[in-house]
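K.L.:
Let's see this in three dimensions:
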Amino acid sequence: MPYLHNYRLFISHAWRYGERYERAIKFLNAAPRFSWTNYSVPVAKKFEHMSTRSLEEELRQQIRPTQCVVVLAGMYAAHSNWIQFEIDFAKFLGKPILGIIPWDAERTPTSVSLAANKMVSWNSASIVAGIREITP
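P.N.:
A predicted model of the protein is given here:
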């Protein structure tokens with residue numbers, strides 16, 4: 001059986017919009033011949049009662065070992081300081097960034113589209129192809 005590369009991914013998202021995050025997880029898990037490890041922080045495991053500085057360091061620890069940062073590009077991302085922090089840190093480390101355009105989005109945040117190495121549509125095939133294309 002051929003070797004199946006395992007992608008280490010951080011999925012940047014807003015905990016308030018967890019349903020989109022869960023759907024993105026389902027897309028990745030359902031993709032044929034695609035293996036990945038999730039380094040993101042779902043709402044069920046969110047960091048609570050931390051100072052801003054501690055939370056920033058926790059997010060840095062989550063992002064450092066990844067090969068690619070995936071950003072769900074809903075318009076809420078334009079108003080999230082944490083998503084911007086994750087984008088900025090990924091860029092600082094030279095991590096490729098994949099932006100996912102939600103299926104019902106009429107617009108995407110400029111901050112995400114400018115930072116992303118590639119923007120893809122909201123389906124499993126596009127997301128996986130985008131990750132494979134931009135991840136070393």
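K.L.:
where along this protein do the strands fall?
P.N.:
6-12, 35-38, 68-72, 97-100, 118-120 (DSSP state E).
K.L.:
Need those in TSV (columns: mean neighbour count, mean pLDDT and distance to residue 45).
P.N.:
The C-beta positions use only the backbone N, C-alpha and C, and glycine is treated the same way. Below are the strands of the chain laid out as TSV (neighbours: other C-beta atoms under 10 Å; pLDDT from 0 to 100; distance: least, C-beta to C-beta, whole Å):
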stretch	mean neighbour count	mean pLDDT	distance to residue 45
strand 6-12	20	96	13
strand 35-38	15	96	10
strand 68-72	26	95	17
strand 97-100	26	96	21
strand 118-120	18	96	26
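K.L.:
beta partners of residue 97?
P.N.:
Counting by DSSP bridges, residue 97 is bridged to residue 69.
K.L.:
got a list of what it touches?
P.N.:
For residue 97, the contact set (C-beta atoms under 8 Å, 6 or more residues apart in numbering) comprises 68, 69, 70, 71, 87, 90, 91, 115, 116, 117, 134.
K.L.:
Return the distance of the closest residue to residue 119 other than its chain neighbours relative to residue 127.
P.N.:
Leaving aside its chain neighbours, residue 119 sits nearest to residue 99 (4.3 Å; criterion: C-beta to C-beta, 6 or more residues apart in numbering). Computed as C-beta to C-beta, to the nearest Å, the residue 99 to residue 127 distance reads 10 Å.
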